[in-house]
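Engineer: kindly return the folded structure for what I paste below:
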Amino acid sequence: MIDKIASSIEAALHGIQDGATVMIGGFGTAGIPDELIDGLIAQGAKDLTVVNNNAGNGEAGLAALLKAGRVRKVICSFPRQADSYVFDGLYRSGKLELELVPQGNLAERIRAAGAGIGAFFTPTGFGTELAKNSDGSLKETREINGKHYVLEFPIYGDVALIKAERGDRWGNLMYRMAARNFGPVMATACKKTVATVHEIVALGEMNPEHIVTPGIFVHQIVKIARVATQAGGFKQAA
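Structural biologist: Coordinates of the predicted model:
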């Protein structure tokens, strides 16, 4: 019987090794799997490469992982904002590497990994510093139908940590509004995907047309509680 429901976050994250490439879903603060990030900090893996849309907000979530000193490199499209001081401090002191990737290229490089695409040409970044490799050499370019393109390669991950709204024991997932963001594409690009959900439902209870991430891309799901607010409601990312 297929049952991908993990007994705890600790159990779901077991086996993540030092030096792993970890894709973490989220866009700003929407859809950030905070509980999984906290679990990763407790798990102890270090020297990580983290792939995310940004580089953390305040001192929670991804910023907490950076502050704990567990991350060697960040691959993202939007590293700096008003409250990205944890990233700023580490980067300026030379304790953290950064690979800056335009947002569309980031999504497509992750998608390419999941789709088995060896590389692709994109016009984004041509003629800019983003058309250079980390060692300063120029990336391969090509002119196609009179337009200039840069060759980009897939981003593969060892593990994806994502947040969903609802799941079943086969690992099928549905998302809530903007919390969907990078989750579905990251799930396809990694060797292992762990997702938190607020609801676990019986097989067949979710309309197949509404399932965004099929269970074939998900290895473990963990049910988490909604966080009550002082106003008496529940805190829930968009």
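Engineer: CA only for contacts and neighbour counts going forward, please
Structural biologist: Noted.
Engineer: which secondary element of this structure has the worst mean pLDDT?
Structural biologist: One helix or strand of the chain scores below all others by mean pLDDT, DSSP states H and E: strand 234-235, with a mean of 50.
Engineer: the residue lying closest to residue 216 once chain neighbours are set aside: neighbour count?
Structural biologist: Leaving aside its chain neighbours, residue 216 sits nearest to residue 171 (7.3 Å; criterion: Cα to Cα, 6 or more residues apart in numbering). A count of nearby residues for residue 171, using other Cα atoms under 10 Å, gives 27.
Engineer: show me the contacts for residue 171.
Structural biologist: 3-5, 214-221 (Cα atoms under 8 Å, 6 or more residues apart in numbering).
Engineer: with residue 110 instead?
Structural biologist: Counting by Cα under 8 Å, 6+ apart, residue 110 touches 154-156, 185-186, 189.
Engineer: and the chain, what are its domains?
Structural biologist: 9-118+156-235, 119-152 (automatic domain parsing).
Engineer: endpoint to endpoint, the shortest one covers what distance?
Structural biologist: Separation of the first and last residues of domain 119-152 by Cα to Cα, to the nearest Å is 6 Å.
Engineer: picking up where we left off before, among the contacts of residue 110, which lie within helices?
Structural biologist: 185-186, 189 (DSSP state H).
Engineer: neighbour-wise, give me the winner out of these.
Structural biologist: Result: residue 186 is most packed of the ones in helices among the contacts of residue 110 (other Cα under 10 Å), 29 neighbours.
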